[in-house]
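Enquirer: Pasting a predicted model and its sequence here:
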Amino acid sequence: MNIYDISKKAGVSIATVSRVLNDSAKVSAATRQRVLDVIKETNYMPNAFARSLGLNSMYTVGLLCSDPSDVYQAQAVCYLERELRNHSYTSMLCCTGGRLEEKQNYLHLLLSRSVDALVFIGSHFIEQSDAQNSYIREAAKKVPVFILNGSLEAPNVYSVLCDDRKASFSITELVLSRGARSPVFLYRALSYSGRRKLCGFQDACQEHGIFVDERHLIPAPGDIPGTCLALENLRDTGIIFDAVVAADDELAVGAVKYAQKKNLSIPEQLQITGYNHSVLSLCSTPELTTVDNRIEYMCTAAVSLLMQVFEGKELPSMTMYSGFIVEGGTSRPGK
């Protein structure tokens, strides 16, 4: 007697039996009792390993993130784990760092543990050289692969992402429409998401007739003191700027620290925008004007779509949604 027999005898799906076994709340009382009656009648003794043999599934999803100290990635891990638990799945987390070799090693480790699917958190897992993404395509031949905020075209690979180009355009448009004429773009790395944010920034500048070149595109380290120093160095080269459009909130906080150090009035002399609407945007003084890219929604949608893949449903390879601007005190008020 296995879980297939239980589902057939109770007249419910295998997923429903799994939810009953894992005490999930997503089962009606009547259905739960029907399944429990069949289990009692057949003396079925479930355990995790037996279920894995019966279903060829460990009810486990592998999560890969590069830096668990990053606020965005930490939030994603929290939301994904919560949603997977609600669907009676556990998660196995690997923190890979940024080196391609380590990403590949951790992916192979998860596959060796017979996970049912893989979720990559962040677009930095997508390399600019397409050949370097072959390890993801190979993994997708074995299990479904989901990528949060990145895109890779391949069978059994699904992307769930915010329209970063549109959101970056909108927040750049906001500071330009409120008086900024010499903006700079502050970023960590030009990943898939980073490139789309950069394009949005450039599109908005072009629409306003504002010329920007490489000198206005500022790579900065992730920490706040390093970001502050990068802007000081920029000023020392003679580049005058009246707005900082940052690719994430931590970089924007670094810009706030720079302004305070140089006694620049925010937002009168320097407008600053962030991205992600993280807790850092609320801790900043003044609070940041930022983009809410709806990370909780992204994770909830990804897990919901993954469950549909498990059920054999056909889904689009890409699901894109819009972020929205949350105005704080680092941009000039609108009229």
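Expert: Noted; the coordinates are in hand. Worth saying up front: this structure is predicted, and the values here are computed from it rather than measured.
Enquirer: Just to check, His208 is in contact with Leu174?
Expert: No - His208 is beyond contact range of Leu174, at 11.4 Å (criterion: C-beta atoms under 8 Å). Backbone N, C-alpha and C define where each C-beta goes, glycine included.
Enquirer: Please say which of the two ends up with more neighbours.
Expert: Neighbour totals were compared for His208 and Leu174, and Leu174 leads with 21 against 14 (other C-beta atoms under 10 Å).
Enquirer: Could you check how far that one is from Cys162?
Expert: 17 Å (C-beta to C-beta, to the nearest Å).
Enquirer: can you check Gln269 too?
Expert: When Gln269 is compared with Cys162 (using C-beta to C-beta), they lie 30 Å apart.
Enquirer: which secondary structure elements does whichever helix or strand Leu84 is part of contact?
Expert: Assessed by DSSP states H and E, Leu84 sits inside helix 71-86. Applying 3 or more C-beta pairs under 8 Å, 6 or more residues apart in numbering; DSSP states H and E, one finds that helix 71-86 makes contact with strand 60-65, strand 90-95, strand 117-121, helix 295-310.
Enquirer: got a list of what Val212 touches?
Expert: 183-185, 201-202, 205 (C-beta atoms under 8 Å, 6 or more residues apart in numbering).
Enquirer: so it sits in a strand?
Expert: No - assessed by DSSP: H, G, I helix; E, B strand; the rest coil, Val212 does not belong to a strand; its assignment is coil.
Enquirer: quick one: it from Ser182, how far?
Expert: Applying C-beta to C-beta to Val212 and Ser182 gives a distance of 9 Å.
Enquirer: now Leu93
Expert: Leu93 is 43 Å from Ser182, by C-beta to C-beta.
Enquirer: okay, now Pro144: neighbour count?
Expert: A total of 19 residues lie near Pro144 under the criterion other C-beta under 10 Å.
Enquirer: That one and Asn156 touch, don't they?
Expert: Yes - contact criterion C-beta under 8 Å: Pro144 and Asn156 qualify, at 5.6 Å.
Enquirer: quick one: the strands in the protein?
Expert: 60-65, 90-95, 117-121, 145-148, 157-162, 183-187, 217-219, 243-246, 271-273, 290-292, 318-321, 324-326 (DSSP state E).
Enquirer: now the helices: where do they sit in the stretch 101-250 of the chain?
Expert: Taking DSSP state H, counting those that start in this stretch as the criterion, the stretch 101-250 of the chain carries its helices at 134-140, 164-177, 192-207, 224-236, 249-261.
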